[in-house]
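*Asks:* sequence below, structure please.
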Amino acid sequence: MKHLMFAVALSVALIGCADKEKSSAAPTPEPLQAADVNAGKVLAERDCKGCHGLDGRGTAPGIPDLAAQQERYLLASIAEYKGGKRTHAALKEMAEQMSEADVRNVVGYYAGLPPIASTPETSAPVFLPYENGKTLASACTKCHGADGNTTTPGVPSIAGQQLRYFVVAIQEYLNGVRKTDPMHSLLRRLSKLDMESLALYFASQTPAQRGAPSFGDPAAGEPLTAVCGGCHGPRGVSTDAATPNLAGQDASYLVNAIKAYPKSRRHEGMEAYVGDLGKADIENIAAFYAIQKSRPAEKGQTIVQGLIEKCNRCHEANVDNASMAVPKINGQDKDYLIMALRAYRDDRRESSMMHNMSLPYSDSIIESVSSHYANRPAG
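*Replies:* The predicted model follows:
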C-alpha cells in the first residue's frame, strides 16, 4: 500500500498553470540540487512502477506519464502535500515520511527518462464537440430547421440558444419535467458529451430575424418585459448560459411556454410573475420578443482553439524553462488530463489561474482540449 500511495502522490501532481505575471516578478529560484538517479531508480522500482512503470508510462487510463516531466513542478507539488496545501491525508503522511533526498532522487529519475512515444494503440481521434454536434443536428432539422431556425409555428427556434439552458431542457424532456413529443425519444440515445455538443452547435448558429406575428402588439408588450429583462437580458438577449434567449423566438411557442407555468413547467420566479398575466398581455410579450434581433450565444467553431492558445501561453512557452513550475502536457494520458481539468473546474484542486480558466467549460470542451494534448508528441 505504501508503494502504491507514493505512486499516486506523483500522479496527482502533474497538472497546473503558473501565473506568468507573478512568475516574472518573482526572484530567480535557486538551482536544483543534483539528483542521484540510481537511487531514484531503486525507489521507483520499489514504490512507483506498479502505476508508472520504470519507463514512466502510466500503466492504466487515468494514470499520468512521468517520463521527462518537469522536475521543479513535481518537487513543488510534493511539497504542497507535505505542507497541507493539497489535501489528501494519506498522501500528506507519505510525503512527510520521505526525506528531501528521496523525493529529489525519484523525481530526478523520472524527469531524466526519454519522453513516451505515442503508438497507434495509445492514440485516439481528437474530439471536436462542434463537429460532433453538427453531425447530431441532422436528426433535429425536420422540426427545428437546418440551422435551428424553425418555420413551424409552436416549435421553438434553437439557433443561438444558451448552451447550459439547452442541456437542462434536454434533461427535463427526458425526465418528464416537460411535456414530451414522440421526436424527443431520439434524445435518449445521446450521451452527456453528445448533449453538450448538440447544444454548442446550435448555440453557435445565427438566429434569423423574424417579422411580427399575426397576433399581439409588440409596442404594448415592451413595457411588460421590464421584469423579464432582469434575467433574460435587454430585449431578450441573455448573457447567462443557464438563462434562455427570448429574442427572435417563435411567438406561438413563447405563448405556450408562458402558459405552461405552473402547470407543466416549474420555476418559482416565472410562476410569480406570469401568474397574473392575461391572454392579451402574454400575446403582447411574445410578439415583442419575437421581432427582437438575437445573436449566437457561443462561438463553437473557434472556442476549443482559443482555449488551447491560452493553455499554450504557459504549457508551450515556458515548458522548457527549468526555473518555472509548469508541467508538460503534450502526450499526457487523456483520461488523466480530463480528471485534472474537471478537478480545477469543480474547485477540487487549488490554482486560481487554472480555476478561472476551467470554470466556464463543459465536459465536452474539456474532453476536446484533453484529447488535443494527449495526441501531441511528448517532449
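*Asks:* from the contact counts, what lies against the helix or strand containing Q171?
*Replies:* Per DSSP states H and E, Q171 falls inside helix 163-175. Judged by 3 or more C-beta pairs under 8 Å, 6 or more residues apart in numbering; DSSP states H and E, the packing partners of helix 163-175 are helix 192-203. Where C-beta positions appear, they are placed from N, C-alpha and C, glycine not excepted.
*Asks:* which helices and strands does the next helix or strand after the helix it packs on pack with?
*Replies:* Next helix or strand after helix 192-203 toward the C-terminus (DSSP H and E): helix 218-221. If you count contacts as 3+ C-beta pairs under 8 Å, 6+ apart, helix 218-221 packs onto helix 279-290.
*Asks:* the inter-axis angle of whichever helix or strand comes after the helix it packs on versus helix 192-203?
*Replies:* Using DSSP H and E, the next helix or strand after helix 279-290 towards the C-terminus is helix 303-315. Taking axes from the mean of the first three to the mean of the last three C-alpha atoms, to 10 degrees, one finds helix 303-315 and helix 192-203 inclined to each other by 110 degrees.
*Asks:* list the helices and strands helix 303-315 packs on?
*Replies:* Secondary elements touching helix 303-315 (3+ C-beta pairs under 8 Å, 6+ apart): helix 129-136, helix 352-358, helix 363-374.
*Asks:* and V319, what pLDDT?
*Replies:* Looking at V319, its pLDDT reads 65.
*Asks:* right, I mislabeled it, should have said Y289
*Replies:* Looking at Y289, the pLDDT reads 98.
*Asks:* what's the distance between it and Q97?
*Replies:* To Q97, Y289 is 64 Å away according to C-beta to C-beta, to the nearest Å.
*Asks:* what does H232 give?
*Replies:* Where Q97 is concerned, H232 sits at a distance of 57 Å (C-beta to C-beta).
*Asks:* distance check, the residue lying closest to Y361 once chain neighbours are set aside against S157.
*Replies:* Residue nearest to Y361 in three dimensions, not counting chain neighbours: R345, with 6.4 Å by C-beta to C-beta, 6 or more residues apart in numbering. Per C-beta to C-beta, R345 is found 30 Å from S157.
*Asks:* so for stretch 250-267, what's the average pLDDT?
*Replies:* 90.
*Asks:* now swap in stretch 364-373 and tell me
*Replies:* 96.
*Asks:* now do the same end-to-end measure for stretch 104-124.
*Replies:* End-to-end distance of stretch 104-124 (C-alpha to C-alpha, to the nearest Å): 34 Å.
*Asks:* neighbour-wise, which of H232 and Q97 wins?
*Replies:* H232 (21 against 11; other C-beta atoms under 10 Å).
*Asks:* correct me, but the more buried one touches Q249?
*Replies:* No. Assessed by C-beta atoms under 8 Å, H232 is found out of contact with Q249, at 10.3 Å.
*Asks:* give me the pLDDT value at the closest residue to G306 other than its chain neighbours.
*Replies:* In space, G306 comes closest to K299 once its chain neighbours are excluded; the distance is 7.8 Å by C-beta to C-beta, 6+ apart. K299 carries a pLDDT score of 96 in this model.
*Asks:* over to L174?
*Replies:* 87.
*Asks:* how's this protein carved up into domains?
*Replies:* What automatic domain parsing lists as the domains of the chain is 2-116+304-374, 129-290.
*Asks:* if anything else comes up later, I'll come back, but that's it for now.
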